[in-house]
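>>> Kindly generate the corresponding structure for this input.
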Amino acid sequence: MVRAAGLLAGMLFAATAAQACEQVTHRDRSFTVCTADLTTQNIALRLNRSDGMPLGSFVALELATDAPVVFAMNAGMYHADRRPVGLYIEEGTTIRPIVTRAGPGNFGLLPNGVLCVRDGRADVIESRAFAADPPACRQATQSGPMLVIDGALHPRFLPDSPSSKIRNGVGATSDGKIAYFVISDQPVTFYQMATLYRDVLGVRNALFLDGSVSRLYAPALKRADPGRQMGPIVVVTER
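A predicted model of the protein is given here:
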């Protein structure tokens, strides 16, 4: 009986994991949309191994994670030594402070934002609004630019932009119960990804996580994107 219950639980997990990520076509571009349901799943951020060295890979992440992994992605920009560029909180401990000034590159293309995970909810919050009234995040990562801000596209995005890259991002529903982690399956513009969040997923706030280095790990899809060593990684597991 115990063995049968274990097999059933494993089958249910496999079915749930398989349904977590699906392919969506938008503006003639293919995206993989992975859904985290905060009522039944946990979202965590991971940076280092127990010895203090960066995890860097999905293989190392899997070895360091006790619960079955539904999916994982790179989760924000990082320096050459893989330290996060902006705010980074892991299990309630602030590793890096928030950065609110404008600067070079995508991160400094204000407004940028923060993914904040609390008990039972996830939110994407514009960085200066976050800094003015910081919520008690158990997990948080800062990146930029914002893709969608209060239902509006980032003002610097152009429909005919020539800059197309593999990109990934995150957006959350207004009640914080669902988080959509998206990775493009082919090069896309900021505008294409942002309109996917606004017009297809119906998200009012969404955040760009990174481009070119973007990678997805989805065991049920037998997908583990190769690439360079990562900094912060977001992992979704069943409770």
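>>> Residue 174 and residue 213, how far apart?
Look at residue 174 and residue 213: by Cβ to Cβ, to the nearest Å, they are 30 Å apart. In this view, the C-beta of every residue, glycine as well, is placed from N, C-alpha and C.
>>> For the two, indicate the residue with more neighbours.
Neighbour count, other Cβ atoms under 10 Å: between residue 174 and residue 213, residue 213 has more, with 19 against 11.
>>> all helices for the chain, in order.
Along the chain, counting by DSSP state H, helices occupy 2-20, 58-64, 127-132, 190-195.
>>> And the ones you listed, which one averages the lowest pLDDT?
Looking at the helices of the chain, the lowest mean pLDDT belongs to helix 2-20 (a mean of 46).
>>> worst-scoring helix or strand of this protein, pLDDT-wise?
Counting by mean pLDDT, DSSP states H and E, the weakest-scoring helix or strand in the chain turns out to be helix 2-20, with a mean of 46.
>>> export the longest strand seen in the chain as CSV, just CAs?
Looking across the chain with DSSP state E, the single longest strand is strand 29-37. The C-alpha trace of strand 29-37 is given here as CSV (Å, rounded to 0.1, in the frame of the first residue of the first chain):
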residue,chain,number,x,y,z
ARG,A,29,7.6,34.1,-32.0
SER,A,30,7.7,31.0,-29.8
PHE,A,31,7.9,31.2,-26.1
THR,A,32,7.9,28.7,-23.2
VAL,A,33,5.7,29.8,-20.4
CYS,A,34,6.2,28.1,-17.0
THR,A,35,3.6,28.7,-14.4
ALA,A,36,4.3,28.6,-10.6
ASP,A,37,1.2,28.2,-8.5
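>>> That one pairs with which strands?
Using DSSP bridges, strand 29-37 pairs in its sheet with strand 21-26 (antiparallel), strand 178-184 (antiparallel).
>>> Tabulate those strands (TSV), appending distance to residue 62.
TSV is the format used below for the strands paired with strand 29-37 (distance: least, Cβ to Cβ, whole Å):
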stretch	distance to residue 62
strand 21-26	16
strand 178-184	17
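>>> Most tightly packed of these?
Comparing these by mean neighbour count (mean count of other Cβ atoms under 10 Å), strand 178-184 ranks first with a mean of 24.
>>> Quick one: low-confidence residue ranges for this structure.
Across the chain, residues meeting the criterion (pLDDT under 70) sit at 1-18.
>>> let's go with 80 and repeat that
Within the chain, the ranges that satisfy pLDDT under 80 run 1-19.
>>> and residue 40, how many neighbours?
11.
>>> Could you double-check that it sits in contact with residue 238?
Yes. Between residue 40 and residue 238 a contact is recorded at 6.8 Å, counting by Cβ atoms under 8 Å.
>>> out of the strands paired with strand 29-37, nearest to residue 226?
Closest approach to residue 226 among the strands paired with strand 29-37 is made by strand 178-184 (13.7 Å; Cβ to Cβ).
>>> Quick one: distance of that closest one to the chain centre.
Centroid separation for strand 178-184 versus its chain: 7 Å, with Cα atoms, centre = their mean, to the nearest Å.
>>> Then stretch 217-235?
Using Cα atoms, centre = their mean, the offset of stretch 217-235 from its chain centre is 11 Å.
>>> quick one: buried residues of it?
Using 16 or more other Cβ atoms under 10 Å as the test for burial, stretch 217-235 gives 217, 218, 219, 220, 221, 230, 231, 232, 233, 234, 235.
>>> Which pair of the residues you listed spans the longest distance?
So, these by Cβ to Cβ: farthest apart are 220 and 231, at 25.0 Å.
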